[in-house]
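Trainee: build the 3D model from these lines:
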Amino acid sequence: MTPLTHRLREATHELHREAEATGLMQALLKGRLPLAGHRALLAELLPLCDALETALRSQANASWLSGLDLVALERAPALRADLHGGPTPAAPMPATATYVARLQSLGSRGDPALLAHVYTRYLGDLHGGQILRRVVERCYPGQGAAFHDFGSPERVVQLREQARQVLADAPLAPAEHDRVVGEACWSFGQYRRLFHELAAA
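Mentor: Residues are numbered from 1 along each chain as shown. Next up, the predicted model:
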């Protein structure tokens, strides 16, 4: 059976590229996104990360999460620090609300499809997110870099390899592999919808 990590990479490659090509993400990568736009993005990611981390904690003893350092990966505390307790939207964007409901449903069922979100969220943050960290530190000094900060470069590599290993070793049946891959594709599509909604707002 093809390793899950390989299948995830192949299946989501084009969707990942499309999400990165949205106007909002291109503006962020090029250092052209106003601080207010960056804060709006962080504010949308907070309920999403809260929902993901609550769902993962509820399944911390599941065999398919064995070996994952959930505390080190959690981003919600860093997002709160970046937002400095400032105002957040009264209601999330529709794409965010849909994503949060999806994560809550997966968590309540103990569904291993949550692994797809470990891939799209945390491995993304540990890869391309480290490029964004440098952009954010340069463009918004003292504003918003905690979200991308996992520690030293050595620690980033360690967490990246740990997450990859958990995905590779997850004791899943072939049909569950398929569902994780499908969920990852859904995730990237939903991020793209969120970026478009934020740009339109």
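
Trainee: all contacts plus neighbour counts: C-alpha atoms, from now on.
Mentor: Noted.

Trainee: now G144, what's its secondary structure?
Mentor: Per DSSP: H, G, I helix; E, B strand; the rest coil, the secondary structure class of G144 is coil.

Trainee: in contact with it, which residues?
Mentor: Taking C-alpha atoms under 8 Å, 6 or more residues apart in numbering, we find G144 in contact with R39, L42, L79, A81, D82, L83, V136, E137.

Trainee: neighbours around A40, how many?
Mentor: Look at A40: counted by other C-alpha atoms under 10 Å, it has 18 neighbours.

Trainee: next one: G129 from R75, what distance?
Mentor: If you measure G129 against R75 using C-alpha to C-alpha, to the nearest Å, the figure is 12 Å.

Trainee: higher neighbour count, those two?
Mentor: More crowded of G129 and R75, by other C-alpha under 10 Å: R75, with 26 against 17.

Trainee: pLDDT score for the more buried one?
Mentor: At R75, the predicted lDDT confidence score is 95.

Trainee: surely it meets P47?
Mentor: No. Taking contacts as C-alpha atoms under 8 Å, R75 lies outside contact range of P47: 10.6 Å.

Trainee: tell me the pLDDT of A175.
Mentor: Note on A175: pLDDT of 94.

Trainee: how about the helix or strand hosting it: buried residues?
Mentor: According to DSSP states H and E, A175 maps onto helix 174-200. Of all the residues in helix 174-200, those buried under the rule 16 or more other C-alpha atoms under 10 Å are 177-196, 198.

Trainee: counting contacts, what elements does that helix pack onto?
Mentor: Counting contacts by 3 or more C-alpha pairs under 8 Å, 6 or more residues apart in numbering; DSSP states H and E, helix 174-200 is packed against helix 4-20, helix 23-29, helix 35-58, helix 94-109, helix 115-117.

Trainee: could you dump the ones you listed to TSV with mean pLDDT and distance to L159?
Mentor: Listed next are those as TSV, based on pLDDT from 0 to 100; distance: least, C-alpha to C-alpha, whole Å:
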stretch	mean pLDDT	distance to L159
helix 4-20	92	15
helix 23-29	91	23
helix 35-58	95	16
helix 94-109	97	22
helix 115-117	97	15
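
Trainee: and these as CSV, adding distance to H148?
Mentor: CSV is the format used below for the helices and strands packed on helix 174-200 (distance: least, C-alpha to C-alpha, whole Å):
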stretch, distance to H148
helix 4-20, 16
helix 23-29, 14
helix 35-58, 11
helix 94-109, 20
helix 115-117, 17
